[in-house]
Structure formats: C-alpha cells, structure tokens
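Enquirer: could you work out the structure for the sequence below:
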Amino acid sequence: MYYSPHNEYINKKARIIIVGITPGWSQMKIAYEHFLKGFAAEKAMEVVLRETKIAAGFAGAMRANLMAMLDQCGIPESLHINGSSALFNEDRTLLHTTSVIKYPVFYRAKNYTGHQPGIFQSKLLTEYATKVFAEEIGEIKKNALIIPLGKTAETIIRHLMEANKLAGHTILFGFPHPSGANGHRVRQFEEQKNSLAQTVRKWSDQI
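Expert: As a prediction, this is how the structure comes out:
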C-alpha cells in the first residue's frame, strides 16, 4: 500500500458516490502531479486536495466507459444535468469518487484487483475497507446513490450494509467495473441495465 493524496478530500454534499476497489498506478501518478502543481502555486490545502481529487478520480479511458453506462442508467435525468460527463466537469459538486481501499495497493508490481489476497484475508485491507471507508461514507449527506464498480467493491458494500454502516443511502447493485480489462462489461451491463435504471428511478423519486 502506498500513499496518494487524491482520496483525502470528501465531498460531503455529493448525490452520487462512485466506489472502486483501490486507486491504480495511473490515478496515483496524476494525483501527485496535480498535488505538487497546486502546492507550488501556494493554494490553500483544501483547494489543492479538491482539485487533485477532481483530476485523478477514475481518470483515463475508464471514465469514458463509466459515463456511457451512467447515461444509459438514467443518471442525467435523475439529476437534471446534461449528461453524465457533467459530473466530471460543471456539475462536479454532485459527485464523490472513492475506493473501498483508500490508498493504492499493488500486488507483484500490478494494480491490486481485490484478489490474491482477498480483502478479508488481509488485516490491513479489511481495516481500510470496513472501517476507514465506512467512516468516509458516514460524512456524506444521506440518501446519496452509491455505485460500487464490480463484484469486489459490491461485496464490501453488502458487508457494510449488513452491519448497518451505510444506513440512509441507496445502493446501485450490479454495475460492472468499467475498466477496459473487464472484457465482459458490455454483456454484463446489458443484462443488468433495466434493473439498474429501475433503481435509479426509485432513488430519483426520493430526492
């Protein structure tokens, strides 16, 4: 596990919370670049951390895949915005991006995928996933829509739900991980799309 500054900022008024497994190498690199740039410009630390979060959160090709699926789930209509791309631009105040493991984890010089070891096989990873992450979500205004990306993040979310640590929020289960490495994401999404859209509509009626 390595430190990266981009998950320090918490958007407490977010309506959408997108949850990955752990930041990857590319996100970590972008985070440090933006943090050092902001620090050199002598900006306030909160501003530096917020701008670092915005720059690094689900950066790269994964973001395009993610936005396409969010659009098809009806997220823009529920928030009255001009497409899910707005969440990463002019309507960024509606979005909080994070990971069940706050800091980057690598296994054999590759991004950690939630396996080898499994999160619950590691005391350190379990601590971050079940305590640190839960405390972070606890700071966010109630009835946000939490979107866990892929099965590993979803497993942690279900565990926290059963422990009553995510009370007051709506969970969008069944959302595939948008990484290009997930070659089955298109099929997985098509199978879940109607169910996902229905959950989004129900959540939208409550906010």
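
Enquirer: all contacts plus neighbour counts: C-alpha atoms, from now on.
Expert: Noted.

Enquirer: for the chain, which spans come out with low pLDDT?
Expert: Where the chain drops to pLDDT under 70, the residues are 180.

Enquirer: please enumerate the helices of it.
Expert: Using DSSP state H, the helices of the chain run over 25-40, 45-56, 61-73, 75-79, 123-127, 133-138, 150-162, 185-206.

Enquirer: now the end-to-end length of stretch 76-86.
Expert: One end of stretch 76-86 to the other measures 9 Å (C-alpha to C-alpha, to the nearest Å).

Enquirer: and it, which residues are buried?
Expert: Within stretch 76-86, the residues that count as buried by 16 or more other C-alpha atoms under 10 Å are P76, L79, G83, S84, S85, A86.

Enquirer: need the helices of the chain in JSON lines (columns: distance to P5).
Expert: Formatted as JSON lines, the helices of the chain follow (distance: least, C-alpha to C-alpha, whole Å):
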{"stretch": "helix 25-40", "distance to P5": "6"}
{"stretch": "helix 45-56", "distance to P5": "7"}
{"stretch": "helix 61-73", "distance to P5": "19"}
{"stretch": "helix 75-79", "distance to P5": "28"}
{"stretch": "helix 123-127", "distance to P5": "18"}
{"stretch": "helix 133-138", "distance to P5": "15"}
{"stretch": "helix 150-162", "distance to P5": "21"}
{"stretch": "helix 185-206", "distance to P5": "29"}
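
Enquirer: how about those helices, which one is nearest A109?
Expert: helix 25-40 (9.7 Å; C-alpha to C-alpha).

Enquirer: which residues sit against that closest one?
Expert: Contact with helix 25-40 is made by 4-6, 45, 48-49, 51-53, 55-59, 104, 111, as judged by C-alpha atoms under 8 Å, 6 or more residues apart in numbering.

Enquirer: swap the cut-off to 6 Å and go again
Expert: Contacts of helix 25-40 from elsewhere in the structure, counted by C-alpha atoms under 6 Å, 6 or more residues apart in numbering, are S4, H6, V48, T52, A56.

Enquirer: show me which pair in those is furthest apart.
Expert: Going by C-alpha to C-alpha, the pair spanning the contacts of helix 25-40 furthest: S4 and V48, at 13.0 Å.

Enquirer: compare the two (neighbour count), which wins?
Expert: Using other C-alpha atoms under 10 Å as the criterion, S4 and V48 rank with V48 on top: 23 against 20.

Enquirer: and the more buried one, how far is that from Q27?
Expert: Applying C-alpha to C-alpha, the value for V48 to Q27 is 16 Å.

Enquirer: for stretch 36-53, measure first residue to last.
Expert: So stretch 36-53: terminal residues 13 Å apart, C-alpha to C-alpha.

Enquirer: that one: which residues count as buried?
Expert: Using 16+ other C-alpha under 10 Å as the test for burial, stretch 36-53 gives G38, V48, L49, R50, E51, T52, K53.

Enquirer: nearest spatial neighbour of the last one, skipping sequence neighbours?
Expert: Ranked by C-alpha to C-alpha, 6 or more residues apart in numbering and with sequence neighbours excluded, the top spatial neighbour of K53 is H6, at 4.4 Å.
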